[in-house]
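A.B. asks: with the input below, show me the fold.
(chains A and B)
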Amino acid sequence: MIASVTDVSSGAPIDLQWLRKSVESEITTEGGRLVQFAMGSAEPPSADAQVRIAISHNEHGYVLIAQIALGDAKQIVVAPVAAAPVNAGPPPPTPVLQRKIVWEQTDPMLDFAEGSPDSNHTLWYILGPDRLSAYEFSGASQILHVDERFSRLYTSRDSRGRLALTDPTHVTAWVAAVRCEGLWSPGFAVSCSPNIGQQWPMGTVNWAYDPTHNFFTGAVTLSAGIITHYPPFYSAAFAPDARGGNTSRWILAGLNGQALLFTGGAQPAAIFFDWGSDIASLNSTCGSAWQVLVTGPGDWTEPDRIQLYQIANRQATAVGEPLQFPGPVLSLWPSTDSQTARVVFRNLQTGLYEAATLSVGCSN
Amino acid sequence: MKQRLYLSAAAISLLLLAVVGARSARRPAYGGTLRVEISAAINSLDPAVAAASASEAEAKAEIDGLIYEHRNPNGTFAGISGSGPFHVAAWDPGKHVTLAANDDYSGGRPFVDSVDILMGRSLHDRLLDLEVNSTDFAEIPAEQARQAAVGGVRISASQPDRLLAIVFLAGRPAAQDQRVRQVVSECVDRSAIVDFILQKEGVPAGSLLPQWSNGTAYLFPTAADPVGAKALLAQIGGFHSLTLGYDSGDSFEKSVAERIAVDARAAGLTFSAQPMSPGNSAGLPDARLVRLSMISPEPQASLRNFLTTLVPMAGLDAVPLPANASIEQMYAAERGVIDTYRVVPLVWYPHVFGLSTRVMDWRAPAAGESWPFSDVWLDGLASDLSEKAEP
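C.D. replies: Numbering: from 1, shown residues only, chains lettered A, B, ... in the order given. Predicted structure coming up:
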């Protein structure tokens, strides 16, 4: 690979040497191999890609523009460059991810939910690949534990499931090809039935799940009953509108490590690379941009991370430091109001499955 | 005054990932063929048909573990062929077998569509194919692991769950004197075998079970005592000459046998290495090197299995091992065998595997587990699946 860096903005306040070294370092880190050549000389034939990076300027500020030539294919990629604030004063508040671990167990866990029917009792629901468990707590004491097993109809090695509370005593579970209702009346009982159409409600829309695999087919049923088709995806994040509903802006975490941003059209408006399988939108009070939680790439033998991104102008900008996890994140679902997210991960050091809630706080 | 620019790492990554490609998502992707190369030539996958060699038996057990429902604690297989995560799709005895994923397997369909296994591949060919990523999985001898890693091969090792031991064979007059066998046990430098032959890919063994399994291995000394061995031999008096058999086709066993001969000679004992092969007419040796693989991480199951092999081979009295034996009872059984010096443990070493970079979610199998081909998935295939699944 051949890489060059130039300044076409006539005086960008940047050290080009530093930029060149950063680029070379990133290329090497990502598995590329740089070919050195003297400026003005013929380019060596062994280089299979050429990257010409220029720092340019437009009315919004500086941008990095990469001209990428891979054989006959040519591509332009543009990334804006943030400028430091010019006004004196305290820095603006920065969103910071906060984690609270709420549950741990040895058995596999797909999702969890918590509800309080009264001020003295708390109910916990834990969804596993083939069971829905209910725990009743009074104060710090556990007073009841009910385990209800169900048939999965299909068996996947990467079983997925989701819980939603209608009220603290009524929980609905979607697992693979079944839908289960758990109800206290007065004891806890679970009834399951095939999930016709494999529809999983997500806010005001439904996603169609492929129960023989581990992903959603891409068919999304909108509130009006209209079905739109996207590429298959592991998870999706929608930009919430001011009333808490969905907008037409979606990001789908695809099956190949690429996340696709849709803004109403059939074609993606942007592609984000190096994202993991699970993403979720968050409505935080810190910052005004659309915020999305994103897991890391890799596999389930490695520690994981969740990074907060802000989505604006078709760009995803990482905000703050990623939250590190001692094992793979197995599920990431937004809460009903999108103020928090539920995370289940496997701690590779202890072997335990752990559940946590994530929220975004503000930091100066 | 000029503004100072902040070039975020994310901005640079965004540019560069378009060039070098994205890494995989974290959830397993379905599809693809796992390419496997093994050294053994398997002539029948029927568990009832005896294998011609130990290496064929081991490889056959691995493949049977993939096509039968599960392996029983005694090492036999449950269900019928094809009831496991894979079924046989193509079969050319001794050369090649293709396994296809069972969509309806009760434990869940494997992520890969098929496993393509080439048999009879030499170590040289296996390593070469791993280096150029033209195979996804191959077994590598433990003593070659370090060198393969230096050559750029992705290496994975199990816990040390294979035992190499000297077994003095029943009925051999030259090995009748227990003190002579004790001399052998005391003169062998086990650490040297680990350091120089296994290239540190193992641990010295003084017991039948490894420390990680039963927690009592440290009670059995492994340090060499050449001075004590020499003194003991002097007490016995006379001239003692024994033979140590090893698999003639196995370079690891050959190296170990020759190393032991050197240690024995230093103590004053003649313990000659003798290659053994099916057509060998040299006759039975007095002792032979034996390799034993644990059939389970559970110490009871593995110890019971070891005793089933060792007791008749070494002519030992039956070793009582109650069902659900306690740690103390297992220790007592081990102590009973080791103190006869008819079985002399040498080293514990792992199964070592070479993997291509596209094999994901790989976890080295635990003792007795089959190769985990149902759980792995292949990176770089998801885009194909996206295209297929798109409505």
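A.B. asks: so whatever residue of the stretch 201-350 of chain B ends up closest to chain A, which of the three states?
C.D. replies: At 14.0 Å from chain A, B:Pro297 is the closest residue in the stretch 201-350 of chain B, using Cβ to the nearest Cβ. No exception for glycine: its C-beta is placed from N, CA and C like everyone else's. When classified by DSSP: H, G, I helix; E, B strand; the rest coil, B:Pro297 comes out as coil.
A.B. asks: count the neighbours of it for me.
C.D. replies: By the measure other Cβ atoms under 10 Å in any protein chain shown, the count of residues near B:Pro297 is 15.
A.B. asks: A:Asp167 now?
C.D. replies: Neighbours of A:Asp167 (other Cβ under 10 Å): 10.
A.B. asks: B:Leu66 is in contact with B:Gly79, correct?
C.D. replies: No: here B:Gly79 does not reach B:Leu66: they are 11.9 Å apart, not a contact under Cβ atoms under 8 Å.
A.B. asks: what about the two, which has more around it?
C.D. replies: Taking neighbours as other Cβ under 10 Å, B:Gly79 and B:Leu66 compare with B:Leu66 leading, 22 against 11.
A.B. asks: check contacts around that one.
C.D. replies: Taking Cβ atoms under 8 Å, 6 or more residues apart in numbering or on different chains, we find B:Leu66 in contact with B:Gly84, B:Pro85, B:Phe86, B:Leu99, B:Val115, B:Ser370, B:Trp371, B:Phe373, B:Ser374.
A.B. asks: quick one: those residues as JSON lines, columns for neighbour count and distance to A:Leu323 too.
C.D. replies: Below are those laid out as JSON lines (neighbours: other Cβ atoms under 10 Å in any protein chain shown; distance: Cβ to Cβ, whole Å):
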{"residue": "B:Gly84", "neighbour count": "27", "distance to A:Leu323": "40"}
{"residue": "B:Pro85", "neighbour count": "26", "distance to A:Leu323": "35"}
{"residue": "B:Phe86", "neighbour count": "24", "distance to A:Leu323": "39"}
{"residue": "B:Leu99", "neighbour count": "29", "distance to A:Leu323": "40"}
{"residue": "B:Val115", "neighbour count": "26", "distance to A:Leu323": "37"}
{"residue": "B:Ser370", "neighbour count": "19", "distance to A:Leu323": "37"}
{"residue": "B:Trp371", "neighbour count": "22", "distance to A:Leu323": "35"}
{"residue": "B:Phe373", "neighbour count": "27", "distance to A:Leu323": "34"}
{"residue": "B:Ser374", "neighbour count": "21", "distance to A:Leu323": "32"}
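A.B. asks: one step back: who's in contact with the residue of the stretch 201-350 of chain B closest to chain A?
C.D. replies: Each residue near B:Pro297 by Cβ under 8 Å, 6+ apart is listed here: B:Gln159, B:Asp161, B:Ser213, B:Ala366, B:Ala367, B:Gly368.
A.B. asks: filter those residues down to just the ones in helices.
C.D. replies: B:Ser213 (DSSP state H).
A.B. asks: buried among the contacts of B:Pro297? Need that as a selection in PyMOL.
C.D. replies: Buried residues among the contacts of B:Pro297 (16 or more other Cβ atoms under 10 Å in any protein chain shown), as a PyMOL selection:
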select buried, chain B and resi 159+161+213+367+368
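A.B. asks: need the contacts of B:Pro297 in TSV (columns: pLDDT and distance to A:Thr172).
C.D. replies: Shown next, in TSV, are those (pLDDT from 0 to 100; distance: Cβ to Cβ, whole Å):
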residue	pLDDT	distance to A:Thr172
B:Gln159	95	43
B:Asp161	96	45
B:Ser213	92	45
B:Ala366	93	37
B:Ala367	92	42
B:Gly368	87	41
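A.B. asks: which of the contacts of B:Pro297 lies closest to chain A?
C.D. replies: Of all these, chain A sits closest to B:Ala366, with 13.0 Å by Cβ to the nearest Cβ.
A.B. asks: quick check on the residue nearest to that closest one when sequence neighbours are not counted: phi, psi?
C.D. replies: Spatial nearest neighbour of B:Ala366, chain neighbours left out: B:Pro297 (5.1 Å); criterion: Cβ to Cβ, 6 or more residues apart in numbering or on different chains. The phi/psi pair for B:Pro297 (degrees, to the nearest 10) reads phi -70, psi -20.
A.B. asks: quick one: least confident helix or strand in chain B?
C.D. replies: In chain B, the helix or strand scored least confidently by mean pLDDT, DSSP states H and E is helix B:382-389, which has a mean of 44.
A.B. asks: correct me if wrong: B:Ala78 contacts B:His70.
C.D. replies: Yes: B:Ala78 is within contact range of B:His70, at 5.2 Å (criterion: Cβ under 8 Å).
A.B. asks: re earlier: pLDDT check: weakest of the contacts of B:Leu66?
C.D. replies: Of all the contacts of B:Leu66, B:Ser370 carries the smallest pLDDT score, 90.
A.B. asks: in strands only, show me the contacts of B:Leu66.
C.D. replies: Here DSSP state E is the test, and the contacts of B:Leu66 give B:Phe86, B:Leu99, B:Val115 as lying in strands.
A.B. asks: returning to what we had before: just put the contacts of B:Pro297 in JSON lines and tack on distance to B:Arg146.
C.D. replies: Listed next are the contacts of B:Pro297 as JSON lines, based on distance: Cβ to Cβ, whole Å:
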{"residue": "B:Gln159", "distance to B:Arg146": "18"}
{"residue": "B:Asp161", "distance to B:Arg146": "19"}
{"residue": "B:Ser213", "distance to B:Arg146": "25"}
{"residue": "B:Ala366", "distance to B:Arg146": "23"}
{"residue": "B:Ala367", "distance to B:Arg146": "22"}
{"residue": "B:Gly368", "distance to B:Arg146": "26"}
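A.B. asks: okay, now the unreliable bits of the stretch 151-300 of chain A?
C.D. replies: Segments of the stretch 151-300 of chain A classed as low confidence (criterion: pLDDT under 70) are A:153, A:241-247.
A.B. asks: spell out which parts of it neighbour chain B.
C.D. replies: Contacts of the stretch 151-300 of chain A with chain B, taken as Cβ under 8 Å from any Cβ of the partner chain, map to A:155-159, A:210, A:212-215, A:217-219, A:229, A:231-232, A:234, A:253-258, A:272-278, A:295-300.
A.B. asks: can we see that at 7 Å?
C.D. replies: Those residues of the stretch 151-300 of chain A that sit near chain B, judged by Cβ under 7 Å from any Cβ of the partner chain, are A:155-158, A:212-214, A:217-219, A:229, A:231-232, A:234, A:253-258, A:273-274, A:276-277, A:295-300.
A.B. asks: which among those end up buried?
C.D. replies: Among those, those classed as buried by 16+ other Cβ under 10 Å are A:155-158, A:212-214, A:217-219, A:231-232, A:234, A:253-258, A:273-274, A:276-277, A:295-300.
A.B. asks: hmm, back to that, in helices only, show me the residues of the stretch 151-300 of chain A next to chain B.
C.D. replies: When those are checked against helices (DSSP H), there are no matches.
A.B. asks: so which of these are in strands?
C.D. replies: The strands, defined by DSSP E, take in A:Thr217, A:Gly218, A:Ala219, A:His229, A:Tyr234, A:Ala253, A:Gly254, A:Thr295 from those.
A.B. asks: report the two of the residues you listed separated the most.
C.D. replies: Largest separation among these by Cβ to Cβ: A:His229 and A:Thr295, giving 24.8 Å.
A.B. asks: for the stretch 51-200 of chain B, what spans make up the strands?
C.D. replies: B:70-71, B:77-78, B:86-92, B:96-101, B:114-118, B:137-140, B:154-157, B:162-168 (DSSP state E, counting those that start in this stretch).
A.B. asks: so which of those comes closest to A:Gly287?
C.D. replies: Smallest distance to A:Gly287 across these (Cβ to Cβ): 41.5 Å, for strand B:154-157.
A.B. asks: the closest one pairs with which strands, parallel or anti?
C.D. replies: Strand B:154-157 has the following strand partners under DSSP bridges: strand B:352-355 (antiparallel).
A.B. asks: show me the contact partners of the partner strand.
C.D. replies: With contacts defined as Cβ atoms under 7 Å, 6 or more residues apart in numbering or on different chains, strand B:352-355 is touched by B:130, B:136-140, B:142, B:145, B:148, B:153-157, B:201, B:362, B:364.
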